[in-house]
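[1] build me a model from this:
(one chain, ligands or ions: 4)
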Amino acid sequence: MTTSDFISAPIREVFCSVQGEGPYVGVRQAFVRFSGCNLNCNYCDTDFANPGTCDYEQVEGSGSFEKIKNPVSVGQLEVMLHPFNKLHSVSLTGGEPLMHADFIETLNLALPLYLESNMTLPEQARKLTEKVTYVSGDFKLPASLRDIGSEARETHMENTVECFRLLRKNHSRDCFCKIVVDNSTELEVVTSAVEAIVPYVSCVILQPETPIGRDVTNLRPSGSIQASVQNIMQLQKSLLEIIDTRVIPQTHRMWGCL
Ligand SMILES: C[S@@+](CC[C@H](N)C(=O)[O-])C[C@H]1O[C@@H](n2cnc3c(N)ncnc32)[C@H](O)[C@@H]1O
Ligand SMILES: Nc1nc2[nH]cc(C(=O)O)c2c(=O)[nH]1
Ligand code: SF4
Ligand SMILES: [Mg+2]
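    Numbering: from 1, shown residues only. Ligands and ions are numbered 1, 2, ... in the order given. Just a heads-up that it's a prediction; the model follows:
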């Protein structure tokens, strides 16, 4: 038995697709979606439960899924990624991948790792400082976090800044920040978030909240309203004083890929 046989994690799905968010939109990736999350964002579009099996789409875009028993070992995952080719990188997402930092640390792949994280678990982030080549870090604004009190919100903010510091951009890593915005997003809140992480990131992406599911009225369960073009442009103009700031909506939802 080797380490890769006995370290395992609950994985929700494994598939090959095209990165749909942020500055790397369009690159071909394998996606590994871990189960479980430490947050409950009001806009979350993802089922990250652990139903006991992992959905494995071996042929990209086929819609045909094999059920693999959970938890999946590191060795098993490495084999599952073999059929995918011409990849830019392997996206580690969730749920929250940092909850599975020990698993990620053990992965032995020939491809760069692209971490997609909520950036609230610095002790876990510390384990991956030499491991990940791309960091797509969200900055969760207080208004988007459900089920937590004001003290916990404060702690999340501090932890977020520490995660960005630990996984900062350097000569061998890109690190950027995505912020999901709706029409009630306040300029002062976004500005102070960005000011706190500006030394650590290459750019900031304003990602307009995409409506989840059936949504005829524009009012979602979160009570949020889609950000107007005017408001987003205003946010961008202000942030451009501080850092390269781009507006990039989720693109995979437009053409129906995973
Ligand atoms: C599902 S999360 C998983 C990774 C990690 N937990 C996180 O939140 O960054 C992946 C990305 O989807 C974004 N996202 C989720 N729901 C969204 C929505 N309704 N509109 C826009 N972006 C959304 C998140 O903000 C995050 O950038
Ligand atoms: N195509 C595609 N791009 C993505 N970028 C981030 C995603 C995620 O859920 O983490 C995601 C996803 O689920 N699909
Ligand atoms: S941190 Fe990510 S996966 Fe977790 S609830 Fe928020 S958007 Fe969803
Ligand atoms: Mg997604």
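[2] list the contacts for Glu241?
    For Glu241, no residue meets the contact criterion (C-beta atoms under 8 Å, 6 or more residues apart in numbering). Where you see a C-beta, it was placed from the backbone N, CA and C, and this is true even at glycine.
[3] the one residue sitting closest to the centre of the chain: what's it in contact with?
    Centroid check for the chain by C-alpha atoms, centre = their mean gives Glu116 as the closest residue, at 3.0 Å. Glu116 sits next to Ser91, Leu92, Thr93, Gly94, Pro97, Ser136 when contact means C-beta under 8 Å, 6+ apart.
[4] check contacts around the closest residue to Lys67 other than its chain neighbours.
    Here the nearest residue to Lys67 in space, its sequence neighbours aside, is Thr53; by C-beta to C-beta, 6 or more residues apart in numbering that works out to 4.0 Å. With contacts taken as C-beta under 8 Å, 6+ apart, Thr53 has the following neighbours: Lys67, Ile68, Lys69, Asn70.
[5] measure how buried the closest residue to Leu111 other than its chain neighbours is and give me the count.
    If you skip the residues right next to it in sequence, Leu111 has Val90 as its closest partner in space, 5.1 Å away by C-beta to C-beta, 6+ apart. When counting by other C-beta atoms under 10 Å, one arrives at 24 neighbours for Val90.
[6] so which strand or helix has Val90?
    Per DSSP states H and E, Val90 falls inside strand 89-93.
[7] would you mark the buried spots in that strand?
    Taking 16 or more other C-beta atoms under 10 Å as the neighbour-count basis, strand 89-93 is seen to contain the buried residues Ser89, Val90, Ser91, Leu92, Thr93.
[8] distance between it and the chain's centre?
    Put simply, strand 89-93 sits 9 Å off its chain's centre (C-alpha atoms, centre = their mean, to the nearest Å).
[9] what's the mean pLDDT across that strand?
    Confidence for strand 89-93, expressed as mean pLDDT, is 99.
[10] show residues contacting the helix or strand following it.
    For strand 89-93, the following helix or strand on the C-terminal side (DSSP H and E) is helix 101-106. For helix 101-106, the surrounding residues in contact (C-beta under 8 Å, 6+ apart) are 3-4, 7-9, 74, 92, 97, 113, 115, 121, 124-125, 127-128, 131-132.
[11] just the ones in helices from those, please.
    Among the contacts of helix 101-106, DSSP state H puts Thr3, Ser4, Val74, Gln124, Ala125 in helices.
[12] can the strand holding Val90 be said to contact ligand 3?
    No - using C-beta under 6 Å from any ligand atom as the criterion, no contacts between strand 89-93 and ligand 3 are found, and the smallest distance is 7.9 Å.
[13] for whichever helix or strand Arg12 is part of, buried residues please.
    Element membership of Arg12 [criterion: DSSP H and E] is strand 11-18. The neighbour-count criterion (16+ other C-beta under 10 Å) identifies Ile11, Arg12, Glu13, Val14, Phe15, Cys16, Ser17, Val18 as the buried residues of strand 11-18.
[14] what's the closest of those residues to ligand 1?
    Compare each of these with ligand 1 using C-beta to the nearest ligand atom and the shortest gap goes to Arg12, at 10.4 Å.
[15] so how far is Met119 from that closest one?
    For Arg12, the distance to Met119 under the criterion C-beta to C-beta, to the nearest Å works out to 20 Å.
[16] export the longest helix belonging to the chain as CSV, just CAs?
    Using DSSP H, we find that the single longest helix of the chain is helix 150-166. What follows is the C-alpha trace of helix 150-166 in CSV, where atoms were taken according to Å, rounded to 0.1, in the frame of the first residue of the first chain:
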residue,chain,number,x,y,z
SER,A,150,-21.4,39.2,12.8
GLU,A,151,-18.4,37.8,14.8
ALA,A,152,-18.0,34.9,12.4
ARG,A,153,-18.3,37.3,9.4
GLU,A,154,-15.4,39.3,10.8
THR,A,155,-13.4,36.1,11.3
HIS,A,156,-14.1,35.0,7.7
MET,A,157,-12.8,38.4,6.4
GLU,A,158,-9.6,38.0,8.3
ASN,A,159,-9.2,34.4,7.2
THR,A,160,-9.8,35.4,3.6
VAL,A,161,-7.0,38.0,3.6
GLU,A,162,-4.7,35.4,5.2
CYS,A,163,-5.6,32.8,2.6
PHE,A,164,-4.8,35.3,-0.2
ARG,A,165,-1.5,36.1,1.5
LEU,A,166,-0.5,32.5,1.8
